[in-house]
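Engineer: I need the structure of the sequence given here:
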Amino acid sequence: MTLPVITQEDLDALATLAADLQFADAERRAVLLEGNSRDINAAPGSGKTTILAAKLLLLSRKWPHARRGICVLSHTNIARDEIRQRLARSSEGARLLSYPHFIGTIHAFVNQFLALPYLRSVGIGVDVIDDDAFAQRALRKAKANGSLRYSMEQNQGVASKVAGLIYQGPDLQLASEGGSLPKPTSKTYPVMSEIKEELAQQGVFRYADMFAYAERLLRHHPSLIDRLTLRFPCVFMDEMQDTSWQQEQLLQQIFAGRSIVQRYGDVNQRILTQDNGAEFLTFPQPTALPISVSKRFGPQIASAVAGVQLAGTPVTGERADVRAPLLILYATERVEHVIPTFGRRVLELFEDAELRDGLVKAMCTRKQGDAKASPGRHLGDYWPASAGDAANDSNRPERFWALLSHASATARSKGTFANSAMEVRRAILLVLRSARAPAIADVRDAPQLIRQLLHAEHDVMPLRRLVRELLIRKADYSRPAERGAVPALVFQYLQPLLPPTMRLDAFSQLEVFAEPAYSVEIQGTEQYQCTVVHEQRQVTIPIGTVASMKGETHLATLVLESHGGNSQRFDLEEALKVLVGQSAPPTQKLLMGQFRNLYVAMSRPTSFLCIGANVDRVSAQSQDLLRAKGWNIEHL
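Structural biologist: You can find the predicted model right below:
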């Protein structure tokens, strides 16, 4: 079958059908006119989903079949809803919102046409398909089994394996998304297998289970493929860069070579797919059509984005430049000042009306890590509160004193300890970790501290009294004069939990009590946002990982340098050398992954791109070359 032919006259009709769907450039028109199977690799902010909706609108006017439909698959409900809302604006487009057509996520398609029919055929009803719901019930069953409960108590990783139990492949092999399972001959494997089978019979599943049941159905009833392709002779897939190999393989098995398939995505934004089978992914094909012009930003931001782009036609920007990009170079001891500095620059560059209408965010590829290099490794270096109670190196004195300072200030201002006690517990946990106290070896975060100590039959009353004592003193722990007596006070209450050989003199010399390398002025310890006040105006900056902000559009974006862990490289250190022409794009797999994250991060803003890097990792020559490209540079 071929698609109904879209002509130049149809494109001209878009002005009547939807005034905001005007596509004058050759790239977009080529995509709209394409009638065969084809991949479309689209730049960030290029209006990819809007173009797909426009094409569907034109096809709906010419669709000749009453029982054969168009299938539109996406990864997220957001993309699905955007397409549906666009089509619903006209009577022609609304035709695609009901039988015989399908517009939904890949998971919804697999459930509706494959997995759920299979489960019904074998007499299994579905209670819930949800990863969290499955995890809760699986762990409840695991704790009721003595051997498995003991195994979880001895090894924290066992619980995540139980919570992540899935079936894989048409043979329904037992596996886990939480890690490798023990050998079938082990004591715990049969228990895990029984838990999975019991929950399956009760209709409780994880999302991944549905793909295994779908594969099983197609193995036993291969004729279903013919029925599906007869029903859907035309398939559109959105957000292909986020498709896993398991998903692509299943869709290829059904549609490849039988239906017309057009796949939309941006391979440079492939940061969410699992590594398992990633080398087999086929998007985009060499014949892919490009949409390289972004409507989101201007040439300067486009140049930066293209500098970290690994594949396809280089991104360009058709909007006017608003503000020159900024590189903040920080000295190691000033790393925590990067986000507030960005906030002040935003307040200087934009009016309040602009800030009300646009997002201002800061992001970093890594949330935490254990690299021993100088700061700038992960989000916790720039904003310690974001590290939560991670056990990496957050026992730095700056982190400890900042927690006490903020907790004390909050208690003084609000007249209550309710919102401050947890911050003090976090500070105490840092001390116990610094002292290598055996009592807290398995404590992952502050909310668990009291509960875990009670479970191990420790007396927690001294710890509770210490929390109260540190708060009722109402000291300003940001001032050096207030800090001298703290180690002895803490030692007095925590001694029963400390290593037996530890004495006060050694305890007082712990790194966590050292004088901070820089000021711990209270900027707030909100875990995922920073509020900056400047000249009687303020801006609140949400802080998070690149993955958490994928798909967003910002007014201004701060991209923070991070360490690649296994790659042993800092992303911006490497990227800036490529951006100014000092190095070639990377070919190592791990570093390429870091560049894709930078590509996503740097393509978020419409108006102001700012990046933060350690001054020791950016050469003077690189700085000069950046200035020649129109960048501003600020030193902290």
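Engineer: domains for this structure, by residue range?
Structural biologist: For the chain, automatic domain parsing gives the domain ranges 8-111+221-291, 131-206, 299-367+527-635, 389-513.
Engineer: how long is the third one from one end to the other?
Structural biologist: By CA to CA, to the nearest Å, the extent of domain 299-367+527-635 from end to end equals 25 Å.
Engineer: per-residue pLDDT, S394?
Structural biologist: S394 carries a pLDDT value of 45.
Engineer: where do the strands of the stretch 501-636 of the chain begin and end?
Structural biologist: Counting by DSSP state E, counting those that start in this stretch, the stretch 501-636 of the chain has strands at residues 529-534, 537-545, 554-560, 605-614, 632-635.
Engineer: which of those sits most buried?
Structural biologist: strand 554-560 (a mean of 27; mean count of other CB atoms under 10 Å). Just so you know, the C-beta spots here come from the backbone N, C-alpha and C atoms, and that holds for glycine as well.
Engineer: helices and strands around that one, which ones?
Structural biologist: In this structure, strand 554-560 packs against helix 338-349, helix 352-357, strand 360-364, helix 589-602, strand 605-614, with contacts taken as 3 or more CB pairs under 8 Å, 6 or more residues apart in numbering; DSSP states H and E.
Engineer: so for R465, which of the ones you listed sits nearest?
Structural biologist: helix 338-349 (35.6 Å; CB to CB).
Engineer: tell me which residues of that closest one come out buried.
Structural biologist: 338-343, 345-347, 349 (16 or more other CB atoms under 10 Å).
Engineer: repeat for stretch 575-589
Structural biologist: Those would be 575-580, 586, for stretch 575-589 by 16+ other CB under 10 Å.
Engineer: ok so, going back, possible to save the domains of the chain as CSV with distance to H378?
Structural biologist: Converted to CSV, these look like this (distance: least, CB to CB, whole Å):
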stretch, distance to H378
domain 8-111+221-291, 16
domain 131-206, 21
domain 299-367+527-635, 4
domain 389-513, 8
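Engineer: mean pLDDT for those: which is lowest?
Structural biologist: It's domain 389-513: among those, that one has the lowest mean pLDDT, namely a mean of 79.
Engineer: distance from that domain to the middle of the chain?
Structural biologist: 31 Å (CA atoms, centre = their mean, to the nearest Å).
Engineer: begin at 280, not 1, for the rest of this chat.
Structural biologist: Happy to do that; since the first residue is 280 now, the last one works out to domain 668-792.
Engineer: phi, psi of G457?
Structural biologist: G457 adopts backbone torsions of phi -100, psi 10, taken as degrees, to the nearest 10.
Engineer: that one contacts Q435, correct?
Structural biologist: No: G457 lies out of contact with Q435 (CB atoms under 8 Å); the separation is 10.9 Å.
Engineer: and the next element down the chain from the strand or helix carrying Y429?
Structural biologist: Element membership of Y429 [criterion: DSSP states H and E] is helix 425-433. Counting by DSSP H and E, the next helix or strand C-terminal to helix 425-433 is helix 435-442.
Engineer: hmm, who's touching that following helix?
Structural biologist: If you take CB atoms under 8 Å, 6 or more residues apart in numbering as the criterion, helix 435-442 is touched by 413-414, 417-418, 421, 427, 430-431, 455, 457-460, 467, 471, 474, 721, 723.
Engineer: hmm, back to that, could you dump the buried residues of helix 617-628 into CSV with distance to L336 added?
Structural biologist: Output for these, formatted as CSV (distance: CB to CB, whole Å):
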residue, distance to L336
V617, 45
I618, 43
P619, 46
T620, 46
F621, 41
G622, 42
R624, 42
V625, 38
L626, 42
L628, 39
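Engineer: and of those residues, the nearest to A793?
Structural biologist: Using CB to CB, the buried residues of helix 617-628 come closest to A793 at V617, 22.4 Å.
Engineer: contact partners for the closest one?
Structural biologist: Counted by CB under 8 Å, 6+ apart, V617 has contacts 607, 609, 661, 837, 839, 891, 915.
Engineer: now tabulate those residues in CSV and tack on distance to D505.
Structural biologist: Converted to CSV, those look like this (distance: CB to CB, whole Å):
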residue, distance to D505
I607, 59
Y609, 62
Y661, 55
L837, 53
L839, 52
G891, 56
L915, 64
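Engineer: first to last residue in stretch 750-760, what's the distance?
Structural biologist: Stretch 750-760: ends 17 Å apart by CA to CA.
Engineer: now do the buried residues in stretch 724-741.
Structural biologist: Buried, per 16+ other CB under 10 Å, within stretch 724-741: 725, 727-729, 731-732, 737.
Engineer: among the residues you listed, which are in helices?
Structural biologist: 725, 727-729, 731-732 (DSSP state H).
Engineer: of those residues, which is the nearest to Q447?
Structural biologist: Using CB to CB, these come closest to Q447 at Q727, 32.1 Å.
Engineer: so V540 is in which element?
Structural biologist: With DSSP H and E as criterion, V540 is part of strand 539-544.
Engineer: give me the contacts around that strand.
Structural biologist: By CB under 8 Å, 6+ apart, strand 539-544 touches 280-282, 313-321, 327-328, 330-331, 512-522, 534, 562-563.
Engineer: and which of the buried residues of stretch 854-868 is nearest I445?
Structural biologist: P865 (33.4 Å).
Engineer: who's in contact with that closest one?
Structural biologist: So P865 contacts 589, 853, 857, 871, 873-874 (CB under 8 Å, 6+ apart).
Engineer: biggest separation within those residues, which pair?
Structural biologist: L589 and E853 (12.4 Å).
Engineer: looking at these two, which one has more neighbours?
Structural biologist: E853 (22 against 15; other CB atoms under 10 Å).
Engineer: thought that one was touching M871?
Structural biologist: No: E853 lies out of contact with M871 (CB under 8 Å); the separation is 10.5 Å.
Engineer: so which residue is dead centre in this structure?
Structural biologist: Nearest residue to the geometric centre of the chain (CA atoms, centre = their mean): A826, 2.5 Å.
Engineer: now stretch 887-900, how far from the chain's geometric center?
Structural biologist: That offset, for stretch 887-900, works out to 24 Å (CA atoms, centre = their mean).
Engineer: ok, back up a step: go through the ones in helices among the buried residues of stretch 724-741 and name the one nearest N547.
Structural biologist: A725 (39.1 Å).
Engineer: what sits against the closest one?
Structural biologist: 668, 701, 704-705, 707-708.
Engineer: let's go with 7 Å and repeat that
Structural biologist: Neighbour list for A725: 668, 701, 704-705, 708 [criterion: CB atoms under 7 Å, 6 or more residues apart in numbering].
Engineer: nearest spatial neighbour of N911, skipping sequence neighbours?
Structural biologist: Leaving aside its chain neighbours, N911 sits nearest to L605 (4.8 Å; criterion: CB to CB, 6 or more residues apart in numbering).
Engineer: now that neighbour: how far from L628?
Structural biologist: Distance of L605 to L628, given as CB to CB, to the nearest Å: 9 Å.
Engineer: one step back: between the domains of the chain, which one is closest to Y492.
Structural biologist: Nearest to Y492, of the domains of the chain and by CB to CB, is domain 410-485 at 7.4 Å.
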